[in-house]
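In: please work out how this folds:
(2 chains)
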Amino acid sequence: MEVDKGKGEAEETRKVAEADRDTVTLKSSDGKLFEVSKEAAARLSTVLAGMIAGGSIDDNGTDLKQIGSEALENVVDYCNKHANSIPSAALISSSISFNTAPFKEPEEWERKFVDRLSHDALFDLVEAANFLGMERLLDVTCHKISEMMKGKSPDQIREVFNIKNDYTKEELEEIRQELAWAFYDD
Amino acid sequence: MGNHIHKAWRKERGIREPPDLPLEILLDIFARADPATVIRCAATSKLLRRHITNPSFHQHLRKNHAVGFVPALLVGVLFFDAREGQGRRQFVPLPPSTKLTLSLAPANGGDGSCRRYTFRPVASRDGLVVLSRYKIVHGVTVVELCVGNPVTGEYAFLPPATVSRTGYSHVLLTGDQLQPFLLPAARLGHGGSHANFLVKNRRVGPSTEPFAHLNLPDGSTIARCSAVVLRGVAHWLYEYKYNDDDNTKSSHGYGVVAITIAGAGTAATAIEIPRHCLRWRRCEVKEELLLARSADGRLALLVAESLGTAMWTLSKDSTSWARRLVVNRQRILGSVKLRWDPIACVGTELDWFGEASGTVAFQVNGAGMLLLNLKTREISQFSQGLTIRRRLRWCPYEMDLVSVLAAMKSF
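Out: Residues are numbered from 1 along each chain as shown, chains lettered A, B, ... in the order given. Below is the predicted model of the structure:
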């Protein structure tokens, strides 16, 4: 690590210690602190990677004002789990060489991870993933929500996402007639 | 939209402003949904409909659909059952609860006869299908083809063409140049008939002989009718007979003939399939082999082995094949209803590969017609059956969601 010359020794020590720490501290909108592996945070979140590289990580807790403590806890939990998980390719045993092209489907543990979340927690998490630029987590959460939409009527979808209906009755009827097969069990 | 900024604050006060998620995330979610769900989402509000019917969302979808497989695009299965001489053609939506009905027959049979039911699906790509039928007119075999969109019910007939035999392979190329391309299931090697023809702009093109320079072994023939198209190159599996080293037994060798169709020429190349790729098959029949593509867009060969189904993927430089077990036999038999004891359920034949969704349609003795998705590895039982039926023609139908969305009315 490169240290600026002319600074006090204590300052140097502090900086070195900070750089050597392998975790970063994140602070939720409601002031709770969470520690997460620096390597995992940098690998999984483009925003955190940028902050770590740019030195804007605060040792006393980097403020993430847009993310509530429950969502941040899930983000941190996800990062830690990701750091510990074994890549799926290694699980497929084969004595002969195999193609290791990644399957972008959520892994088993990722499925379980989002399955246990409540509706609100899942929505907060998808926003947090979006805010932090966590492509993989965004993928997993969007995938889960799209699965939840399956077989739902437009009314039910409106309810889930809190969407305001601005169609007239006649317009809705026209829409249903246009592609009737898509509205099979209404 | 930025509604997330004060979300916690709003939540505390019980204020719920629509919608709960920013628009960009909503569209990200819709981009992953199955066709029926996306269409329903467009029926929730005018704003969402505007975005779902917008070309920028379609671009996003196309980008998503271009890489890997999109299992949701498989909306059903077309099949044609030729038992007892009675052509029975059906479309079965998946899941069966959807009421998607597709127009699987041209509005009239081309000649206004009820013979339209004799058209059978022979190729499908990007939401379009090619139907074909053979008939004998004054002692001459004639092939009739029509290309259509089962969702809209629009079909176009190609002029009938005289052919020397039945059982041609068809490949549908889509995009700017919509053209079914025919390759006779005839001999490809020396002394064989090389005739093939292109049908372009509804006209029968000139016959070309692109295979002479390939020096394929004598008696090489197209082994499987289905072709895989990768970046404008169509690939067929071909087979030939050879005698083993001690000349006591004859075996079948296989290779891939690749024809570049995009652009002006029809350049052809051949890729030999090493014999070690073909080991561990039970019956050593060509129906145990099927060309496919890998999730990263490379040519692949699916092999139904005694203990499971493997996929050999061709390296980028087309010189070597790498093997990966896709699914083992135990898992196949464990996930479906069997008519016999599992020990007796031997023999697997691969029928069709859906390039967009990554679906393999195959049959197993004692289990029936099964579908395997290469991405999710899910196995579903399309229908139960006792034995493999070779005369059955079934093909997964994959919807071209973008063209359906683009044609939707705006409000």
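In: which residues touch A:D124?
Out: Neighbouring residues of A:D124 by C-beta atoms under 8 Å, 6 or more residues apart in numbering or on different chains: A:I67, A:G68, A:E70, A:A71, A:N74, B:K7. Any C-beta I mention is one placed from the backbone N, CA and C, and that applies to glycine too.
In: format these as CSV; extra columns: secondary structure and distance to B:L291.
Out: Listed next are those as CSV, based on DSSP: H, G, I helix; E, B strand; the rest coil; distance: C-beta to C-beta, whole Å:
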residue, secondary structure, distance to B:L291
A:I67, coil, 48
A:G68, coil, 51
A:E70, helix, 49
A:A71, helix, 46
A:N74, helix, 43
B:K7, helix, 50
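In: the closest residue to chain A within the stretch 201-350 of chain B: neighbour count?
Out: Nearest to chain A in the stretch 201-350 of chain B, going by C-beta to the nearest C-beta, is B:R324, at a distance of 3.6 Å. By the criterion of other C-beta atoms under 10 Å in any protein chain shown, B:R324 has 19 neighbours.
In: what's the closest of the contacts of A:D124 to B:R298?
Out: A:N74 (36.7 Å; C-beta to C-beta).
In: so where's chain B uncertain?
Out: Flagging of chain B using pLDDT under 70 yields the residue ranges B:1-18, B:81-89, B:104-117, B:164-167, B:174-212, B:261-266.
In: quick one on the thing from earlier: tell me the one among the contacts of A:D124 nearest to B:S169.
Out: Taking the contacts of A:D124 together and measuring to B:S169 by C-beta to C-beta, the closest member is A:N74, at 52.0 Å.
In: nearest spatial neighbour of that closest one, skipping sequence neighbours?
Out: Computed as C-beta to C-beta, 6 or more residues apart in numbering or on different chains, the closest residue to A:N74 that is not its neighbour in sequence is A:L125, at 5.0 Å.
In: SS state for that neighbour?
Out: helix (DSSP: H, G, I helix; E, B strand; the rest coil).
In: dump the residue contacts of it.
Out: Here A:L125 is in contact with A:A71, A:N74, A:V75, A:V114, A:L117, A:L137, A:T141 (C-beta under 8 Å, 6+ apart).
In: redo these as CSV? Include neighbour count and secondary structure.
Out: Shown next, in CSV, are the contacts of A:L125 (neighbours: other C-beta atoms under 10 Å in any protein chain shown; DSSP: H, G, I helix; E, B strand; the rest coil):
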residue, neighbour count, secondary structure
A:A71, 28, helix
A:N74, 24, helix
A:V75, 28, helix
A:V114, 21, helix
A:L117, 18, coil
A:L137, 25, helix
A:T141, 30, helix
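In: and these as CSV, adding pLDDT?
Out: Compiled in CSV, the contacts of A:L125 are given as follows (pLDDT from 0 to 100):
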residue, pLDDT
A:A71, 93
A:N74, 94
A:V75, 94
A:V114, 93
A:L117, 94
A:L137, 93
A:T141, 95
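In: just the closest of those residues to B:W340, please.
Out: A:V114 (39.4 Å).
In: A:V126 against A:C142, yeah?
Out: Yes: if you go by C-beta atoms under 8 Å, A:V126 and A:C142 touch, sitting 6.4 Å apart.
In: more neighbours: which of those two?
Out: A:V126 (27 against 23).
In: report pLDDT for that one.
Out: We have a pLDDT of 96 for A:V126.
In: could you check how far it is from B:A258?
Out: Separation of A:V126 from B:A258 (C-beta to C-beta, to the nearest Å): 43 Å.
In: ditto for B:K286
Out: 18 Å.
In: what does A:M134 give?
Out: From A:M134 to B:A258 the distance is 40 Å (C-beta to C-beta).
In: shaky segments in chain A?
Out: In chain A (pLDDT under 70), the answer is A:1-20, A:85-105, A:185-186.
In: so which elements touch the lengthiest helix in chain B?
Out: Of all segments of type helix in chain B, defined using DSSP state H, the longest is helix B:55-66. Packing partners of helix B:55-66 (3 or more C-beta pairs under 8 Å, 6 or more residues apart in numbering or on different chains; DSSP states H and E): helix B:23-30, helix B:401-406.
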